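A.B. asks: Model the following, please.
(2 chains)
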Amino acid sequence: MAQRAIREYDAKRILQERWGDYFGDIVVYAGKTVQVTPDSDWDQLKTENGWLQSGRLAVKPDQLIGKRGKHGLILLDADFETAKMWILERMNKPVTIGQVTGVLRQFIIEPYLPQKVEYYLAIKSDRAADTIYFSPSGGVDIEENWEKVVSIPVAVGTSVDDADVAGKLPDTLSVAEKEFFSTFIRGIFRLYWDLHFTFLEFNPLAVNGNKVAPLDTKARLDDTASYLCGKTWCSVSFPPPFGREPFPEETYIKNLDEVTGASLKLTILNPRARVWTLNAGGGASVVYTDTIVDLGFANDLANYGEYSGNPSTEFTYKYARTILDLFTREKDPEGKPKTLIVGGGIANFTDVAGTLTGIVQALREYRDKLKAVGARIYLRRGGPNWREGLAKISELGKELGIPIAVHGPEMHMTRIVSMALEGQ
Amino acid sequence: MAARKDYILFDRDTQAVVYGMQEDAIQRMLDFDYICRREKPSVAAIVNPTRDGWHKCFYGSEETLIPMYRTLDRVVEKHPNADVMVNFASFRSAYPTTKEALETETLRTIAVIAEGIPEQYSRELAVLAKKKRKWIIGPATVGGIAAGAFRIGNTAGALDNIIESRLYRPGHVAYVTKSGGLSNELNSIIALNTDGVYEGIAIGGDCYPGSTFIDHIMRYEANPEIKMIVMLGEVGGTDEYDVAEALKAKKITKPLVAWNIGTCAKVFPAEVQFGHAGARAGSVRQTADAKNQALKEAGAVVPNSFEDFDEKIKETFDRLVAEGRVAPVAEVNPPPVPQDYRAAKKAGLVRRDANFICTISDDRGDEPTYAGILISEVIEKGYTIGEVISLLWFKRRLPKWATEYMEMIIKVSADHGPAVSGAHNAIVTARAGKDVISSLVSGLLTIGPRFAGAIDDAARYFKKACDAGTAPETFVDEMKKLGITVPGIGHRIKNLDNPDKRVELLKSYAFKHFPKTTYLDYALEVEKVTTQKKNTLILNVDGCVGVTFIDLLNASGSFSPAEIEEMVEIGYLNALFALARCIGIIGHIFDQKRLKAGLYRHPWDDIVYRVEKA
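C.D. replies: Down below sits the predicted model:
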């Protein structure tokens, strides 16, 4: 639950849907956008959108990728067949942006509209204000031309109607232009506010008479407002950040997470690495992962994950089993010990003895595999009934013949990390 | 109330309003008050939008009552000395309720627990609070704790945790953290490495907490009781830089040990959003590494990792002691809090004899059971109504022929028209404007020795005579001598030549399906005797139901003679009749209500008046 980026296609769809409520006929939305996915039917797209064949087109992937132009991911001034070929060449293919490699699956096609004047308009939110940024010198070089951008803050608790928008617009604009833009900006601001946007950027924005078309658009919504805006958001979806394909185990845990009221998370960083974590608690799991990285073992770290919010024994078991399965697939290629950190803070009310039951069950099940990879396990946990829970784990270690170091709240939370990694 | 210093949000006299009926949290607040040996519990009142009155809870081993109101304005009016509100309202209603609290004269600090409040609202509340010189803690927080004084809701967890971290008395170290989950870890770290926590605030994981690190740290700086400050920030946002700026400007002079979590974000394959809404780095400046660096450069004590956070805290505190800048507090013994009965029972520490026993059904599991069988299984396996009765009345599955026969009895007894006592009473009551249940009960109340009594009596008399081996003739004679009409014998119209079809059907079913029909056979022998006297003295439907039901119990092979005796005694037959007749009586009640029949008044000419003067 937080600020979430949305697809350009969805941002424009919301604008187009809501436009009339804010502008009537005074400012006309002139944008046209079609979405292309692996399932799209090209003939149908052509039939439903005549402009695809009658004009020049701009094409780009729509997967929250920044600086697409610099990565050769924008095609401009193309005819339909060229655009189609360009997309088909890239569809379902991996592409690397910086350090991140992901597969392209979503594209948009729009009319190619070369502009003499490229306007820039953005609204950004911070603690004190929602600030409007405007410039008649937008486009790819906006950052270099930032001194030409005017900013109009609308302080929290005040209205855009009270802000002197026209007065702050650059003097290079005519009086008529100032009036037009101040009407337009106020309308966009109200839409931004009503729909709980937290960021919106048009760069550039095409303006012809009273017709405007946002070309490149980025937007974020505050997803906690979905109970207020569920309908007005036109069934928007919140895509994951651009990145690699999820591992099946990550998808499995994500699905588990969605059916429980508790929280279950898993990100695999390096499936062949030797240090795995099975941590309880949102904050504590970050601290354990931090400490492994901070102590210089980032390259040995296999995963990030957490279970919290009092999952049932069954869900804890399923979660633990997934981690143990990944953990026991192979011995460390360099012969170093395979290490599992079972960390956790001091629980407030969670019955520690109870939640460890699911982990005990999974450890029993994976006994032979754990032995085969030479597993070492380090556990730390506090909270209600911790003595009883920890005694259970200690006995289990003896029973299974697996070294399990067990510590309670008397030991500093992350000390098991240095014991596990530096003590060798 | 003595005026508090600006930097004090909570002390041993703090009075709070709890918004939302959070029974556990309220009890935990009172338990904390008790181990702190406060004079008065900290919860002055509860706002419960669905009910007013009193809420009962424990203060130590004594019970105490906390007033409950439906609206906040009533609380403010009645409890002007309460200046804290712990707001448990959901994410949907947290905004309006917090705003209302900020608008009051008396409430000064509002802890907002809910997670998922839209950022627009959180920002507005934060601005409003600042304008009014008030405090918001949260949203999305567990709250905070002032050791030995006041606890917000569930902060610091179970009593064991609180005692292990010595939070029942103040130490000299104050902390502020974003994460509420880790606040308990901080309580423990500080207790293990210093003389303990003075106060700890969890500002909450959202992007725009109502009060930030710097707000609380400046309070701690101003409070002479606090000698050292601990701060735990995290990746995302830039609020931690305010603290770095204040350090550089020497606005913070007390030692500050600080760490920001989320340094691992850099090893993730893509942009990562941790559990907190605010925990996402939008720029390099918002990373945990950059913040740790900035705080270190500004003069905070920053460890190399969380791993030596405890050592840095210890070193810093020990140095203060060595320099004579802090005298560690004297230990006190908190009073023991009586264990909660439920917890003690669960742990097997106490036992108590129960007042009730139930042997037919159980509603404690995921799903209630009838005689050990899940209701869903009752549906899935197609149990009939007769079989459900068999589970709940007899605690076993009776054979199909028996349950089917009980259903036949229900069908023939469901209604016998509006004129009989039960239906009549119900009709009169319904027409008096009473509700369905009152009308139904007034009808059912007529069932007894006379109305429907024949079924019960027939069963008893025939059973007794048959069991005793009394010859039918002798039975009829003895009844005559006693002046009792043989129950279950005789019909207004029907006779041997014109038999009651209902009785014929019941009889033929019994002969066909019952393994034996001892009592029916006996009753029919009795009928032979009585019909010789008069043609209409046949076994009627009441008599037939009575004796065949005894046959059913007897022939099922499930019950001992003593058990059958007991069932007859405690009224199984009347019960079966009442169950069946409910169907008809309810029908009559609906009928009258649909007809909008008015109040019934009995005509004078239908009453014989013979009143003598007293």
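
A.B. asks: rest of the way, CA atoms for contacts and neighbours
C.D. replies: Will do.

A.B. asks: How about stretch A:250-268, which residues are buried there?
C.D. replies: Under the neighbour-count criterion of 16 or more other C-alpha atoms under 10 Å in any protein chain shown, stretch A:250-268 has A:Glu250, A:Ile253, A:Lys254, A:Leu256, A:Asp257, A:Ala262, A:Ser263, A:Leu264, A:Lys265, A:Leu266, A:Thr267, A:Ile268 buried.

A.B. asks: for these, which one is nearest B:Ser508?
C.D. replies: A:Leu256 (59.4 Å; C-alpha to C-alpha).

A.B. asks: Check what pLDDT that closest one gets.
C.D. replies: A:Leu256 is assigned 95 on the pLDDT scale.

A.B. asks: contacting residues around it?
C.D. replies: By C-alpha atoms under 8 Å, 6 or more residues apart in numbering or on different chains, A:Leu256 lies in contact with A:Leu264, A:Phe315.

A.B. asks: Can you give me the neighbour number for A:Ala219?
C.D. replies: Residues lying near A:Ala219 (other C-alpha atoms under 10 Å in any protein chain shown) number 24.

A.B. asks: Please apply the same query to B:Leu349.
C.D. replies: B:Leu349: 10 surrounding residues under other C-alpha under 10 Å.

A.B. asks: Look over the buried residues of stretch A:250-268 and name the one with the lowest pLDDT score.
C.D. replies: A:Ala262 (87).

A.B. asks: My guess is that residue contacts A:Glu314. True?
C.D. replies: No - using C-alpha atoms under 8 Å as the test, A:Ala262 is too far from A:Glu314 to be in contact (11.9 Å).

A.B. asks: How many residues are close by B:Lys131?
C.D. replies: By other C-alpha under 10 Å, the residues close to B:Lys131 number 9.

A.B. asks: what residues are up against it?
C.D. replies: With contact set as C-alpha under 8 Å, 6+ apart, B:Lys131 has no partners.

A.B. asks: One more pass at 10 Å, please.
C.D. replies: B:Leu125 (C-alpha atoms under 10 Å, 6 or more residues apart in numbering or on different chains).

A.B. asks: how about it, phi and psi?
C.D. replies: Main-chain dihedrals, B:Lys131, degrees, to the nearest 10: phi -60, psi -40.

A.B. asks: give me the number of residues near B:Gly299?
C.D. replies: The local packing of B:Gly299 (other C-alpha under 10 Å) involves 17 other residues.

A.B. asks: isn't it right up against B:Lys251?
C.D. replies: No - B:Gly299 is beyond contact range of B:Lys251, at 11.7 Å (criterion: C-alpha atoms under 10 Å).

A.B. asks: circling back: can you put the buried residues of stretch A:250-268 in JSON lines and add distance to B:Gln120 and secondary structure?
C.D. replies: Converted to JSON lines, the buried residues of stretch A:250-268 look like this (distance: C-alpha to C-alpha, whole Å; DSSP: H, G, I helix; E, B strand; the rest coil):
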{"residue": "A:Glu250", "distance to B:Gln120": "33", "secondary structure": "helix"}
{"residue": "A:Ile253", "distance to B:Gln120": "32", "secondary structure": "helix"}
{"residue": "A:Lys254", "distance to B:Gln120": "29", "secondary structure": "helix"}
{"residue": "A:Leu256", "distance to B:Gln120": "31", "secondary structure": "helix"}
{"residue": "A:Asp257", "distance to B:Gln120": "28", "secondary structure": "helix"}
{"residue": "A:Ala262", "distance to B:Gln120": "27", "secondary structure": "coil"}
{"residue": "A:Ser263", "distance to B:Gln120": "26", "secondary structure": "strand"}
{"residue": "A:Leu264", "distance to B:Gln120": "28", "secondary structure": "strand"}
{"residue": "A:Lys265", "distance to B:Gln120": "28", "secondary structure": "strand"}
{"residue": "A:Leu266", "distance to B:Gln120": "30", "secondary structure": "strand"}
{"residue": "A:Thr267", "distance to B:Gln120": "31", "secondary structure": "strand"}
{"residue": "A:Ile268", "distance to B:Gln120": "34", "secondary structure": "strand"}
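
A.B. asks: so which helix or strand takes in the residue of the stretch 351-500 of chain B found nearest chain A?
C.D. replies: Among the residues of the stretch 351-500 of chain B, B:Asp366 lies closest to chain A, at 13.7 Å counting by C-alpha to the nearest C-alpha. Under the criterion DSSP states H and E, no helix or strand holds B:Asp366.

A.B. asks: number of nearby residues for it?
C.D. replies: 7.

A.B. asks: Around the nearest residue to B:Val337 once chain neighbours are set aside, how many other residues sit close by?
C.D. replies: Nearest residue to B:Val337, sequence neighbours excluded (C-alpha to C-alpha, 6 or more residues apart in numbering or on different chains): B:Gly60, at 5.7 Å. For B:Gly60, the count of nearby residues is 19 (other C-alpha under 10 Å).

A.B. asks: Tell me if I'm right that B:Gly60 and B:Pro335 touch.
C.D. replies: Yes - with contacts counted by C-alpha under 10 Å, B:Gly60 reaches B:Pro335, the gap being 8.9 Å.

A.B. asks: who touches both of those two?
C.D. replies: B:Tyr34, B:Ile35, B:Arg37.
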